[in-house]
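Novice: Pasting the sequence and the predicted model now:
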Amino acid sequence: MPNQARWLFFAALALVSYLAIHYGWLDFLANENQVASYLHNHGITGFLVVTLAGAAFTGIGAPRQLLAFVLGFAMGGINGTILSSLATAIGAAGCFFTARWLLRESLTRRFGHRMRQFDQLFRDQTLMKVLMVRLLPVGSNLVTNLVAGCSGIRFAPFLVGSTLGYIPQMLVFALAGAGIGSADQYQLLLSVVLFILASLIGALLYHNHRARTLANSVSDQS
């Protein structure tokens, strides 16, 4: 596609995203009572609409934890985890391909050296490294999706690593939403414990990766 058409599409996408945020087209996803009522009244159609809306919601940078909390309140902990993880994975995939299609060429020309460094970092064990990034309770989901799309990361390990990495935190917040919805203090307590465990697993993976990188570096120099 010619560059002008590509940038025109990018401008249209940015405008739609801005209007969605400014006019609150997706704000109903932050209201657990509205989502619960909508799903109850619209059946399968409601699930499809909420899934696609959730994908757009997280795809433009809204917090996926909020989506998990609302869907946990509306559907229960397990179902809320599944649907919010699915919606967030779809949003991540859309963001990944949008960045790859619209931004990769221009960013590679401008920041070629840094992009090559990023590609080298994620060239091996891509799935595990993406999983590690997703498990850590810090960082931006949107920025990770955009950077991955602009890099040379393969899509399959990106999607699998992202989806697996989403699940622990989504479970935590879906259980919290379900606990508030049913006034169940044990589900709230379980969500706190799981959040701590997910954070520890992410930190452990990060620590092991750094230790292995350091060991390889020493081995290469000897």
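Specialist: Nice, thanks for sending it over. Numbering: from 1, shown residues only.
Novice: Mind listing residues that contact stretch 66-82?
Specialist: Contacts with stretch 66-82, where a contact means Cβ atoms under 8 Å, 6 or more residues apart in numbering, come from 29-32, 35-36, 39, 50, 54, 57-58, 83-85, 87-88, 167, 169-181, 187. For the C-beta atoms, the positions are set from N, CA and C on the backbone; glycine is no exception.
Novice: redo that, cut-off 6 Å
Specialist: Residues outside stretch 66-82 that contact it (Cβ atoms under 6 Å, 6 or more residues apart in numbering): 32, 35-36, 39, 54, 83-84, 170-171, 173-178, 181.
Novice: Same check on stretch 117-132?
Specialist: So stretch 117-132 is in contact with 151, 152, 153, 157, 158, 160, 161, 162, 164, 165, 205, 206, going by Cβ under 6 Å, 6+ apart.
Novice: Please save the CA atoms from that stretch in CSV.
Specialist: Output in CSV follows, covering the C-alpha atoms of stretch 117-132 (Å, rounded to 0.1, in the frame of the first residue of the first chain):
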residue,chain,number,x,y,z
GLN,A,117,19.0,-4.5,19.6
PHE,A,118,15.4,-5.2,20.6
ASP,A,119,15.1,-8.0,17.9
GLN,A,120,18.3,-9.6,19.2
LEU,A,121,17.0,-9.5,22.8
PHE,A,122,13.8,-11.3,21.8
ARG,A,123,15.2,-13.5,19.1
ASP,A,124,15.7,-16.5,21.3
GLN,A,125,13.1,-17.9,23.8
THR,A,126,10.6,-15.3,22.6
LEU,A,127,7.6,-17.0,24.2
MET,A,128,9.3,-17.2,27.6
LYS,A,129,10.5,-13.5,27.5
VAL,A,130,7.0,-12.2,26.4
LEU,A,131,5.5,-14.3,29.2
MET,A,132,7.9,-12.8,31.7
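Novice: Check which residues of it are buried.
Specialist: 118, 122, 126, 127, 128, 129, 130, 131, 132 (16 or more other Cβ atoms under 10 Å).
Novice: Stretch 90-98 now?
Specialist: Under 16+ other Cβ under 10 Å, the buried positions of stretch 90-98 are 90, 91, 92, 93, 94, 95, 96, 98.
Novice: Check those and tell me the two furthest apart.
Specialist: 90 and 98 (12.5 Å; Cβ to Cβ).
Novice: list the contacts for the residue nearest the centre of the chain?
Specialist: The centroid of the chain falls nearest to residue 141 when counting by Cα atoms, centre = their mean (4.7 Å). Contacts here follow Cβ under 6 Å, 6+ apart; on that basis residue 141 touches residue 64.
Novice: now do 10 Å
Specialist: 58-59, 61-65, 88, 91-92, 95, 133-134, 162, 166 (Cβ atoms under 10 Å, 6 or more residues apart in numbering).
Novice: Could you turn the buried ones of the residues you listed into a PyMOL selection?
Specialist: Those of the contacts of residue 141 that count as buried under 16+ other Cβ under 10 Å are selected in PyMOL with:
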select buried, resi 58+59+61+62+64+65+88+91+92+95+133+134+162+166
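Novice: among the contacts of residue 141, which two are most distant?
Specialist: Checking these with Cβ to Cβ, the most distant pair is 62 and 133, at 18.8 Å.
Novice: Return the residues in contact with the nearest residue to residue 89 once chain neighbours are set aside.
Specialist: Nearest non-adjacent residue to residue 89, counting by Cβ to Cβ, 6 or more residues apart in numbering: residue 163, 4.6 Å away. Residues near residue 163 by Cβ under 10 Å, 6+ apart: 85, 86, 88, 89, 90, 92, 93, 130, 131, 134, 170.
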